[in-house]
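# below are the sequence and a predicted model for it; my questions follow.
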Amino acid sequence: MAGGKKLHERVALGRTAWMLADFVILLLLLALVARRAASLGERGGTWLAALVCEAWFAFVWILNMNGKWSPVRFDTYPENLSHRLEELPAVDMFVTTADPALEPPLITVNTVLSLLALDYPDVGKLACYVSDDGCSPVTCYALREAAKFASLWIPFCKRYDIGVRAPFMYFSSAPEVGTGTADHEFLESWALMKTEYEKLASRIENADEVSILRDGGEEFAEFIDAERGNHPTIVKVLWDNSKSKAGEGFPHLVYLSREKSPRHRHNFKAGAMNVLTRVSAVMTNAPIMLNVDCDMFANNPQVALHAMCLLLGFDDEIHSGFVQAPQKFYGGLKDDPFGNQMQVITKVLHMHVHKCCCGSAPLG
Ligand SMILES: O=c1ccn([C@@H]2O[C@H](COP(=O)(O)OP(=O)(O)O[C@H]3O[C@H](CO)[C@@H](O)[C@H](O)[C@H]3O)[C@@H](O)[C@H]2O)c(=O)[nH]1
Ligand SMILES: [Mn+2]
């Protein structure tokens, strides 16, 4: 591994017994198909239909075996990045949102706060861009308010090393404390933060488009004549980190609503991601992009560092260009009767491109 301690380890997950069982099932399936094929001549249409179905099942079984044949786990060691902090690349973080009614701005705000609060040696290397296909002044207003709240929330998270930095999730359970003086001080800050978050949430939830456009003045002027599917591009820098001192502040925050015209297809999320890469290219142009949907959040503040262990930790960078954290879900139905949480794919088939020990959680 270039320059010192290893950043990750590839651990094979032993499943010899399962491999054997899979193989036996395959042999039985093949035997069945062979038996059907051998006596096809003597039987009728039902036998043929059974042959086709079973052959298809055997084929799918081969694909299934391939996918889970020799799964591996990647253990990442962000602490070993400490001697190469200087060389860590900049990261542009992209959040897409499309509809303020289906994806409430407060949810997007929580996603953005969890990203702005990520642990990274130099927050000046991080920038967060939010693409709003809803072209909603409420979303823009919510993000502006979030930037104000972030100047309290982020120092709080870093000081007390908070684990989940999406405030709605953090405040959904009681604080973990003992009885010492430090705990007392923490509890006071916790209560203050909770009140501030509740104020933010009610400002956002009570915000309505008409009054923002009426009272918002210059700041929201571009939204006045904008129709959701027909408007020029709107870009707003809601927080510019370049004025903060090194080691302080939080990442840049940029609001973007791309140009829309009824005459052109807008290509949904892919179109939004294209525009995000173009806009970020002229502003911060980071070599690494991080993408989350607006209904997800980073549930581990070190997620960018874990990803760096996988992006930088190979001898040749050609071996790693993409890292995906497995999704964890919350608020879903018990036992996931509709399979929305894709547990089979992640837990049984182990299908991640690179697995690191952290993830993001969409609403169920
Ligand atoms: O015109 C659009 C439509 C959608 N989106 C955004 O795209 C994301 C995903 O859309 P959604 O409808 O929520 O898709 P899901 O099925 O919930 O998400 C799955 O599918 C997405 C698109 O394939 C992936 O990005 C997600 O990671 C995956 O969980 C959301 O942030 C949307 O706001 C836009 O920005 N513009
Ligand atoms: Mn979604």
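That came through fine. Remember, predicted model here, so these are calculated numbers, not experimental data. Numbers count the residues shown, from 1 in each chain. Ligands and ions are numbered 1, 2, ... in the order given.
# just give the nearest non-adjacent residue to residue 13, would you?
Excluding its sequence neighbours, the residue lying closest to residue 13 (Cβ to Cβ, 6 or more residues apart in numbering) is residue 71, at 4.7 Å. In short, each C-beta sits where N, CA and C put it, glycine included.
# neighbours around that neighbour, how many?
18 (other Cβ atoms under 10 Å).
# kindly report the same for residue 330.
13.
# run a quick neighbour tally on the residue in the stretch 101-250 of the chain that ligand 1 sits nearest to.
Of all residues in the stretch 101-250 of the chain, residue 133 sits closest to ligand 1, at 3.9 Å by Cβ to the nearest ligand atom. For residue 133, the neighbour count with other Cβ under 10 Å is 23.
# how close does the residue nearest to residue 13 get to residue 77?
According to Cβ to Cβ, to the nearest Å, residue 71 and residue 77 sit 20 Å apart.
# ok, back up a step: for the residue of the stretch 101-250 of the chain closest to ligand 1, what are phi and psi?
phi -80, psi -10 (degrees, to the nearest 10).
# who's in contact with it?
Neighbour list for residue 133: 96, 97, 98, 99, 228, 257, 258, 260, 266, 268, 272 [criterion: Cβ atoms under 8 Å, 6 or more residues apart in numbering].
# what of residue 189?
Neighbours of residue 189 in contact, by Cβ under 8 Å, 6+ apart: 156, 159, 160.
# near ligand 1, which residues of the chain?
By the rule Cβ under 6 Å from any ligand atom, the part of the chain lying against ligand 1 is 96, 97, 98, 103, 131, 133, 268, 269, 272, 293, 294, 362.
# out of these, list just those in helices.
Among those, DSSP state H puts 268, 269, 272 in helices.
# give me the pLDDT for residue 72.
If you check residue 72, the pLDDT there is 89.
# oh, I was asking about residue 334
For residue 334, the model assigns a pLDDT of 84.
# kindly report the same for residue 245.
You'll see residue 245 listed with a pLDDT of 71.
# please apply the same query to residue 361.
pLDDT recorded at residue 361 is 38.
# where's residue 309, which helix or strand?
For residue 309, the host element (DSSP states H and E) is helix 303-312.
# how about residue 238, phi and psi?
Backbone torsions for residue 238, taken as degrees, to the nearest 10, come to phi -90, psi -30.
# and stretch 189-201, average pLDDT?
In this model, stretch 189-201 has a mean pLDDT of 98.
# mind listing what's buried in stretch 304-320?
For stretch 304-320, the neighbour count (16 or more other Cβ atoms under 10 Å) marks 304, 305, 306, 307, 308, 309, 310, 311, 312, 313, 314, 320 as buried.
# from those, which is closest to ligand 1?
Looking across the buried residues of stretch 304-320 and measuring by Cβ to the nearest ligand atom, the closest to ligand 1 is residue 307, at 15.6 Å.
# what about the closest one, distance to residue 345?
To residue 345, residue 307 is 20 Å away according to Cβ to Cβ.
# will you turn the ones in helices among the residues of the chain next to ligand 1 into CSV that also has pLDDT, distance to residue 107 and neighbour count?
Shown next, in CSV, are these (pLDDT from 0 to 100; distance: Cβ to Cβ, whole Å; neighbours: other Cβ atoms under 10 Å):
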residue, pLDDT, distance to residue 107, neighbour count
268, 96, 19, 11
269, 97, 16, 13
272, 98, 17, 22
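# all set, thanks.
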